[in-house]
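Asker: Mind looking at a prediction? Sequence and model below.
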Amino acid sequence: MSGTPVSYASHPPHGHPENQGPTTQNADRASTASHPPSTKPDPTTTAPHPKLNPHGAKGSIPSSSSSGPAELSDLKVRLRNALRQYPDFPSKGILFEDIMPIFSSPQLHADLVKALELEVRSKFDKTPDVIVGLESRGFLFGPSLALRLNAGFVPVRKQGKLPGKLETEGYEKEYGTDFFQIQSDAIKKGQTVLVVDDIMATGGSAMAAGNLVSKIGGDIMGYLFLMELEFLHGRDKLNAPVVTLLSGQDAESREKELPLGQTKESAEDVKSVQDAGGAGASKQP
Ligand SMILES: O=P(O)(O)OC[C@H]1O[C@H](OP(=O)(O)OP(=O)(O)O)[C@H](O)[C@@H]1O
Ligand SMILES: Nc1ncnc2[nH]cnc12
């Protein structure tokens, strides 16, 4: 049923005719509609990478306002409920995660930037010198996050958009191939870099961006995403710590017939929000 969105807050469960992907897939490329079951634990709850902050929020730089795990859980629930999913977009077999409703609400927009800031400050042992955002959805929140972290912002753009001396990388993503470019003088040698984007699917885009940063002398301290499509194992392509706010389309939720896209993690978020008396709890189905 292409063109009709479903949301994480209210939509048909798996197995519903409206949520059926196509039965034929390109066997060579994983997509949101055809994938092997994941044996990997929830990436947001796995043991931290050695480069991640071993002290968690306690050892981090204080945030600009009072915050903690309960606040982050509340933010995550609200953000998840704002997402919409479009089957068969932009091509057959892809279940497209639409993040745009977040930006049409000033409150959700603020929630997103706040949640990402909390993740950086609690999961990494330092803040980056530079945020690198990927065209185009990484431009929606990369600059705001950079301001909050007192970091610079550098764009990685699709081929043909940037002037001057450039580095170029070809890559493959969930629904196509493309080329990314970065300006050769955009990052000073040794500056620490956090690569940010909305969705990590196959990880092809993020890997290409990381390669570009390395080519011009940046030191990648990690990757940060709003959502990770776990079953595509994109993080396996990345050689620095990966932090994601939400997980999506995971095998476990499909197996357990949870509502589409709702994961164990989101259910746990709801519980902790309820425990904390958070407002987001009432919005969860
Ligand atoms: O992990 P991957 O399989 O590489 O896919 C993820 C990328 O795909 C989307 O970008 P897209 O190229 O569609 O560009 P857009 O942000 O301009 O819509 C998304 O915003 C990520 O950048
Ligand atoms: N399934 C998906 N939804 C939204 N953006 C994507 N980028 C790559 N795969 C995507």
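Answerer: Done, it's in. Ligands and ions are numbered 1, 2, ... in the order given.

Asker: Residue numbers of this protein in contact with ligand 1?
Answerer: Within reach of ligand 1 by CB under 6 Å from any ligand atom, the chain has these residues: 134-137, 173-174, 197-205, 234. Backbone N, C-alpha and C define where each C-beta goes, glycine included.

Asker: What's the PyMOL syntax to select whichever of these are buried?
Answerer: To isolate the buried members of the residues of the chain next to ligand 1 in PyMOL, using 16 or more other CB atoms under 10 Å:
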select buried, resi 134+135+137+173+174+197+198+199+200+201+202+203+204+205+234
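
Asker: Among the residues of the chain next to ligand 1, which are located in strands?
Answerer: Mapping the residues of the chain next to ligand 1 onto strands (DSSP state E) picks out 134, 173, 197-200.

Asker: any residue of stretch 173-192 up close to ligand 2?
Answerer: Yes. Using CB under 6 Å from any ligand atom, we find that stretch 173-192 touches ligand 2 at 173-174.

Asker: Show me which residues of that stretch are buried.
Answerer: For stretch 173-192, a neighbour-count test (16+ other CB under 10 Å) marks 173-175, 180-183, 186-187, 191-192 as buried.

Asker: cool, stretch 104-115 as well?
Answerer: Result for stretch 104-115 [16+ other CB under 10 Å]: buried residues 108-109, 111-115.

Asker: just to revisit the earlier point, pick the one among the buried residues of stretch 173-192 closest to ligand 2.
Answerer: E174 (3.6 Å; CB to the nearest ligand atom).

Asker: Pull up the gap between the closest residue to the closest one other than its chain neighbours and ligand 2, please.
Answerer: In space, and not counting its chain neighbours, E174 is closest to A201: 3.8 Å by CB to CB, 6 or more residues apart in numbering. Applying CB to the nearest ligand atom, to the nearest Å, the value for A201 to ligand 2 is 3 Å.

Asker: A201: what's it in contact with?
Answerer: Going by CB atoms under 8 Å, 6 or more residues apart in numbering, A201 touches 32, 173-174, 229, 232, 234.

Asker: try 6 Å
Answerer: By CB atoms under 6 Å, 6 or more residues apart in numbering, A201 lies in contact with 174, 229, 232.

Asker: The second one reaches T244, doesn't it?
Answerer: No. Shown here, L229 and T244 do not form a contact pair, counting by CB atoms under 6 Å, at 9.7 Å.

Asker: Residues of the stretch 151-285 of the chain that sit close to ligand 2?
Answerer: Neighbours of ligand 2 within the stretch 151-285 of the chain, by CB under 6 Å from any ligand atom: 173-174, 199, 201, 229.

Asker: Do a quick rundown of the strands in the stretch 1-150 of the chain.
Answerer: 6-7, 84-87, 95-98, 130-134 (DSSP state E, counting those that start in this stretch).

Asker: Any chance of a markdown table for the residues of the stretch 151-285 of the chain next to ligand 2, columns pLDDT?
Answerer: Formatted as a markdown table, those follow (pLDDT from 0 to 100):
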| residue | pLDDT |
| --- | --- |
| K173 | 94 |
| E174 | 92 |
| I199 | 98 |
| A201 | 97 |
| L229 | 97 |
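
Asker: what mean pLDDT would you report for stretch 84-94?
Answerer: On average, the pLDDT along stretch 84-94 is 96.

Asker: can you give me the helices for the stretch 101-250 of the chain?
Answerer: 106-123, 142-148, 204-215 (DSSP state H, counting those that start in this stretch).

Asker: These: which one's closest to I94?
Answerer: Closest to I94 of those, according to CB to CB: helix 204-215, at 14.2 Å.

Asker: where does A186 sit relative to T202, distance-wise?
Answerer: 25 Å (CB to CB, to the nearest Å).

Asker: let me redo that: T4
Answerer: Applying CB to CB, the value for T4 to T202 is 25 Å.

Asker: again, but for E174
Answerer: From E174 to T202 the distance is 5 Å (CB to CB).

Asker: One more: I102?
Answerer: To T202, I102 is 23 Å away according to CB to CB.
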